[in-house]
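[1] Sequence isn't available, so here's the structure alone:
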């Protein structure tokens with residue numbers, strides 16, 4: 001069964017398109033945090049960032065970068081956020097990798113700084129070793 005984003009790409013569901021090329025599609029979110037909230041998606045279906053081939057992820061991120069610049073230059077805003085949730089536990093509602101570009105305004109009430117937690121004594125180094133040993137570029 002196709003996901004909603006795949007249906008948008010196929011033209012089965014209308015979208016307010018902002019950008020399209022052979023790899024990437026960008027459109028306005030129908031429930032924006034602020035006006036100008038854009039969703040940027042690769043046209044091929046991949047669920048998360050780690051699932052997405054590096055070349056396609058790179059092309060998608062270049063579009064995110066360029067649209068972020070456009071948001072800053074064309075809309076009245078003070079900044080923008082780029083958000084990508086991976087898996088439902090992170091808040092991913094549509095299982096198709098996508099990036100939110102959210103225009104921000106000073107005092108708009110959106111808080112994206114969750115409170116930090118402290119590591120239990122001795123676990124910081126354990127976690128560092130696990131993560132550092134798996135990085136491959």
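    Looks like it arrived, so ask away. Model, not experiment: these values are computed from the prediction.
[2] to the chain's geometric centre, what's the distance from the lengthiest helix in the chain?
    For the chain, the helix that runs over the most residues, judged by DSSP state H, is helix 54-74. Distance of helix 54-74 from its chain centroid, counting by CA atoms, centre = their mean, to the nearest Å, is 10 Å.
[3] now what about that helix, what contacts it?
    18-19, 21, 23-24, 26, 36, 38, 40-42, 44, 46, 49, 52, 77, 79-80, 82, 97, 99, 101, 103 (CB atoms under 8 Å, 6 or more residues apart in numbering). The C-beta positions use only the backbone N, C-alpha and C, and glycine is treated the same way.
[4] Please pick the buried ones from those.
    By neighbour count, with 16 or more other CB atoms under 10 Å, these hold 18, 24, 26, 36, 38, 40-42, 46, 52, 77, 80, 97, 99, 101, 103 as buried.
[5] Could you single out the nearest of those to residue 132?
    Using CB to CB, residue 52 comes nearest to residue 132 of the buried ones among the contacts of helix 54-74, at 22.7 Å.
[6] Secondary structure element holding the closest one?
    Taking DSSP states H and E as the definition, residue 52 sits outside all helices and strands.
[7] Apart from its chain neighbours, what residue comes closest to it?
    Excluding the flanking residues, the one nearest residue 52 by CB to CB, 6 or more residues apart in numbering is residue 46, at 4.2 Å.
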